[in-house]
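**Q** A predicted structure for the sequence below; I have some questions about it.
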Amino acid sequence: MLADIKNIKAIVDAEKNTSLKEIAYKILDNKRISFDEGVMLFEHASLSFVGSLANFVREKKHGNKTFFNRNFHIEPTNICVFSCKFCSYSRLYAHREEGWELSIDDMLNIVKKYDNQPVTEVHIVGGVHPKLDVHFFANTIKAIKAHRPELHVKGFTPVELEYMFRKAKMTVEEGMQFLKDAGLQSLPGGGAEIFHPEIRTKICEDKVDAEGWLKIHKAAHQIGMHTNATMLYGHIEKYWHRVHHMETLRQLQDETNGFNTFIPLKFRNKNNEMSDVPESSVVEDMRMYAIARLYMDNFPHIKAYWPMLGRQNAQLTLSFGVDDMDGTIDDTTKIYSMAGSEEQSPSMTTEELVRLIQQAKRIPIERDTLYNELINYNTLEKENTIIADEAVI
Ligand code: V47
Ligand code: SF4
């Protein structure tokens, strides 16, 4: 049942903290909350308070619809010139023998494995290899598109892109156009981490800074591409750093309207240089998703990336503002299992994803990368029941 305004007003009116009550009324009146109000929610609001509000906003935007897609990843290499402290994945100097580096043929063979399957998206992201350049990646995309033109290619973070454009002496605008011409259709949200330099210099000092990250997404939006944005939370950042990060993205979105989805990524602490930093609690995770839904008023979607969060906690987020669960993945990504996620071989069949969403009393909608709705699994089930009934008659 969808949340109704009377119920949510009763919850808000029962709140004793008048500042929180004012923030809630702003949200119910469709007004934007400020930076200070975002921090206030993180510092003082209970999970049930932000959760009820986020659920209300989510249902106003999408009703019970919950989106997912059929996708797989290609990770061209885990060799990386950078040294992010939270990364459990990259290999360069240490354990070089555990590094991999795929050729264009290797990557095309991965695509060919899906020839008879209705996947709609390939997500390409990996380490920053010193020898792989923009021409290698353009040729990879061209080979994939030549083989399967309708497969949407979403790929590369500004970390990879800034490095390849710089090496090729291309401006950001030239580089983005070059890859778009090769067949690149959208950018994933990675590499954003925490924008504020106070934290960024401590966790990923040597890679692209906030300005560089935003410049690349802006250039993508200006040539008609849609992109996502992430935030790596739950480590050494303070609440206000999270709000600063979301505020920075909200401002760019006001300018370009090119972002589809905001994806908070829970920091996992296994096998990296930040293993002494404890992971956030589930309550804190749910508060993060809920406040993201409340703050990011101009982002259409909030995604819980289940390989990082675990499928059960991802299912829980569907009551805390989230309307998207990413995709089937098919055990094609290693970034999260290496960082200690409980999903050691992330793969869900469409049936499993549909069941997970239905158990949360939501409507599973298979989408494409740009959120065009492909299949509504609730009406599909009804249609199938009718067909089955007719067959019996
Ligand atoms: O930027 C790396 C994160 C990101 C850890 O756009 C870690 O649809 C937690 O951005 N603990 C890359 N997180 C992945 C990414 C992504 C994933 C799924 C979908 C989309 C999308 C984007 O992974 C990195 C970094 O923030 N990451 N190590 C870790 N130990
Ligand atoms: Fe390299 Fe990405 Fe790992 Fe940073 S997070 S070290 S850029 S692979």
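**A** Looks like it came in fine. Please read all numbers here as calculations on a predicted model, not as lab measurements. Numbers count the residues shown, from 1 in each chain. Ligands and ions are numbered 1, 2, ... in the order given.
**Q** gap between residue 129 and residue 322?
**A** The gap separating residue 129 from residue 322 is 33 Å, by Cβ to Cβ, to the nearest Å. Using the backbone N, CA and C atoms, a C-beta is placed for each residue, glycine as well.
**Q** equivalent analysis for residue 296, please.
**A** To residue 322, residue 296 is 12 Å away according to Cβ to Cβ.
**Q** which neighbours do these two share?
**A** Jointly contacting residue 296 and residue 322 under the rule Cβ atoms under 8 Å, 6 or more residues apart in numbering are residue 302.
**Q** who has more neighbours, these two?
**A** residue 322 (30 against 24; other Cβ atoms under 10 Å).
**Q** just confirm that one is within a strand.
**A** No: secondary structure of residue 322 (DSSP: H, G, I helix; E, B strand; the rest coil): coil, not part of a strand.
**Q** quick one: residues contacting it.
**A** Applying Cβ under 8 Å, 6+ apart, the residues near residue 322 are 58, 66, 289, 293, 302-304, 314.
**Q** in CSV, list those residues along with pLDDT, secondary structure and neighbour count.
**A** Shown next, in CSV, are the contacts of residue 322 (pLDDT from 0 to 100; DSSP: H, G, I helix; E, B strand; the rest coil; neighbours: other Cβ atoms under 10 Å):
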residue, pLDDT, secondary structure, neighbour count
58, 97, helix, 28
66, 97, strand, 27
289, 98, helix, 30
293, 98, helix, 28
302, 98, strand, 26
303, 98, strand, 26
304, 96, coil, 29
314, 95, helix, 25
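**Q** between those residues, which sits nearest ligand 2?
**A** Using Cβ to the nearest ligand atom, residue 303 comes nearest to ligand 2 of those, at 18.8 Å.
**Q** the closest one contacts residue 289, doesn't it?
**A** No: taking Cβ atoms under 8 Å as the definition, residue 303 is not a contact partner of residue 289, at 9.4 Å.
**Q** gap between stretch 313-323 and the chain center?
**A** The chain centroid and the centroid of stretch 313-323 are separated by 13 Å under Cα atoms, centre = their mean, to the nearest Å.
**Q** do you have the helices of the stretch 151-300 of the chain handy? List them.
**A** Ranges of helices within the stretch 151-300 of the chain are 158-167, 172-182, 197-203, 210-222, 239-256, 282-295, based on DSSP state H, counting those that start in this stretch.
**Q** where in this structure is pLDDT low?
**A** 1-2, 91-97, 331-337, 339-346, 381-393 (pLDDT under 70).
**Q** roughly how far does the most centrally placed residue in it sit from ligand 1?
**A** What sits nearest the mean C-alpha location of the chain, by Cα atoms, centre = their mean, is residue 263, with 3.6 Å. Residue 263 is 6 Å from ligand 1, where distance means Cβ to the nearest ligand atom, to the nearest Å.
**Q** do I have it right that that residue meets residue 192?
**A** No: if you go by Cβ under 8 Å, residue 263 and residue 192 don't touch, sitting 9.1 Å apart.
**Q** quick check: neighbours shared by those two?
**A** Both residue 263 and residue 192 are contacted by 229-231, under the criterion Cβ under 8 Å, 6+ apart.
**Q** top of those residues by neighbour count?
**A** Highest neighbour count within these: residue 229, with 29 neighbours (other Cβ under 10 Å).
**Q** neighbours around residue 185, how many?
**A** Counted by other Cβ under 10 Å, the residues lying close to residue 185 total 19.
**Q** ok, now which ones touch it?
**A** Residues counted as contacts of residue 185 (Cβ under 8 Å, 6+ apart) are 152-154, 225, 369.
**Q** residues of this protein that sit close to ligand 1?
**A** Within the chain, the positions lying close to ligand 1 (Cβ under 6 Å from any ligand atom) are 86-88, 188-191, 193, 228, 230, 232, 263, 265, 267-268, 272, 305, 308, 326, 335, 339.
**Q** in strands, which of these appear?
**A** If you go by DSSP state E, these have 228, 230, 232, 263, 265, 326 in strands.
**Q** okay, these in TSV with distance to residue 217 next?
**A** Below are those laid out as TSV (distance: Cβ to Cβ, whole Å):
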residue	distance to residue 217
228	9
230	11
232	16
263	13
265	16
326	19
